[in-house]
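A.B. asks: model the following, please.
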Amino acid sequence: MSDQEIIVVTGDRTTGPLHLGHLAGSLQARLQLQGQYRQFLLLADTQALADHQGDYSRVRQSVIDVALDYLAVGLDPQQSTFLIQSMVPELAELSFYFMNLVSVARLERNPTVKTEIRNKGRERDIPAGFLSYPVSQAADITALKGTLVPVGADQLPMIEQTNEIVRRFNQMVGSDILRECKALTGKVTRLPGIDGQQKMSRVLGNHIALSASPDEIRTAVRKMFTDPQHLRVEQPGQIAGNTVFTFLDAFAPDQDKVAEFKEHYQRGGLADAVVKAYLEEVLLALLEPIRARRNELAHDPERILSILMAGSSRAREIAALTLYQVKKAMGMFYF
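C.D. replies: Numbering: from 1, shown residues only. All right, here's what the predicted structure looks like:
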């Protein structure tokens, strides 16, 4: 990618504030890339409707919540373009054309889609819009000419499917109109939930929001999964699969201290309560400035909306050009 401009496209389909799983993964990548490359931060309200049909007020509020979280962690609208998916209608039109390039069977085989369907307990009653989520994401990335996409490990199949669609389209029109993209994963590709069973998720209720209060943080940490065989302080404990240590690996600024804790825990003599107390200290220090900044920004909703409108307008110019190129390649201009 050194011979062309690197454009970073990333988005969130969440219907609520972001959580530590986002901060450990794609949010960190977005912060690191900011100022180095052109970056688009897409708030996927149209896709969110597949989960929340008719609950339009919740989806609208989620757009504001995610924008607040983006700004609170340090993403800067002067360096990164914030946009709302529904405010760029070219994305929907491009999605429609892409629908004919992928089979229902291929969408059903997508591991990310299969996992989300299972977690939601939906089985075969899912909306068509939910099943076609990978197609919509492919349109988001390609319309904005994205070449690099920060994602968690669970989203890698989405990037693979995006590139399949790109290759299929370019082959059909006989020209490299669309760009393939690469996935960028962070140091932590999959942060577990506080239950230690699955990835952190609002749907599963095992998350810690970036806006969590001190009491909410303490309550969540005290519920965290550790080593179920570590029944007495003097017993050696296991690090592998221990959620508390996974969180310390992801967020503790003093990794030498974490290494000392691990060695002590493994030889015995270190209580789970002591390790959890340290994690509480780490998370309270990490989230306090984010929460304070978020609360400050929340008092000026008009500013948030103006940032989103301006960014959506800029993104629409690029998406319109891509759509023009796609339709021209397809011979869909009649005058």
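A.B. asks: quick check: buried residues in the helix or strand hosting A183?
C.D. replies: According to DSSP states H and E, A183 maps onto strand 182-184. Residues A183, L184 are the ones in strand 182-184 that count as buried (16 or more other C-beta atoms under 10 Å). Just so you know, the C-beta spots here come from the backbone N, C-alpha and C atoms, and that holds for glycine as well.
A.B. asks: that strand - contacts with which helices or strands?
C.D. replies: Packing partners of strand 182-184 (3 or more C-beta pairs under 8 Å, 6 or more residues apart in numbering; DSSP states H and E): strand 148-150, helix 156-173.
A.B. asks: in terms of mean pLDDT, which of those ranks lowest?
C.D. replies: The weakest mean pLDDT among the helices and strands packed on strand 182-184 belongs to strand 148-150, with a mean of 91.
A.B. asks: how near is the closest residue to R202 other than its chain neighbours to I64?
C.D. replies: Excluding its sequence neighbours, the residue lying closest to R202 (C-beta to C-beta, 6 or more residues apart in numbering) is G16, at 5.1 Å. Going from G16 to I64 by C-beta to C-beta, to the nearest Å gives 11 Å.
A.B. asks: same question, A273
C.D. replies: A273 is 38 Å from I64, by C-beta to C-beta.
A.B. asks: of those two, who's got more company?
C.D. replies: I64 (17 against 11; other C-beta atoms under 10 Å).
A.B. asks: name the element the more buried one belongs to?
C.D. replies: Using DSSP H and E, I64 falls in helix 56-73.
A.B. asks: what's the answer for L279, then?
C.D. replies: Assessed by DSSP H and E, L279 sits inside helix 272-297.
A.B. asks: list the buried residues for that helix?
C.D. replies: In helix 272-297, counting by 16+ other C-beta under 10 Å, buried: 272, 275-276, 278-280, 282-283, 286-287, 290-291, 293-294, 297.
A.B. asks: alpha carbons of the least confident helix or strand in the chain by mean pLDDT, as CSV, please.
C.D. replies: Among the helical and strand segments of the chain, the one scoring lowest on mean pLDDT, DSSP states H and E is helix 111-120, with a mean of 76. C-alpha atoms of helix 111-120 as CSV (Å, rounded to 0.1, in the frame of the first residue of the first chain):
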residue,chain,number,x,y,z
PRO,A,111,-18.7,-17.0,10.8
THR,A,112,-19.3,-13.5,12.2
VAL,A,113,-22.9,-13.6,11.1
LYS,A,114,-23.4,-17.1,12.4
THR,A,115,-22.1,-16.2,15.8
GLU,A,116,-24.3,-13.1,16.1
ILE,A,117,-27.4,-15.0,15.0
ARG,A,118,-26.6,-17.7,17.7
ASN,A,119,-26.0,-15.1,20.4
LYS,A,120,-29.2,-13.3,19.7
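A.B. asks: next, the buried residues of the helix or strand that that helix is followed by.
C.D. replies: Where DSSP H and E defines the elements, the next helix or strand beyond helix 111-120 is helix 128-131. For helix 128-131, a neighbour-count test (16+ other C-beta under 10 Å) marks G129, F130, L131 as buried.
A.B. asks: now stretch 299-314
C.D. replies: I304, I307, L308, G311, S312.
A.B. asks: re the thing from before, so who does the residue nearest to R202 touch?
C.D. replies: With contact set as C-beta atoms under 8 Å, 6 or more residues apart in numbering, G16 has these partners: S62, D65, R202, A209.
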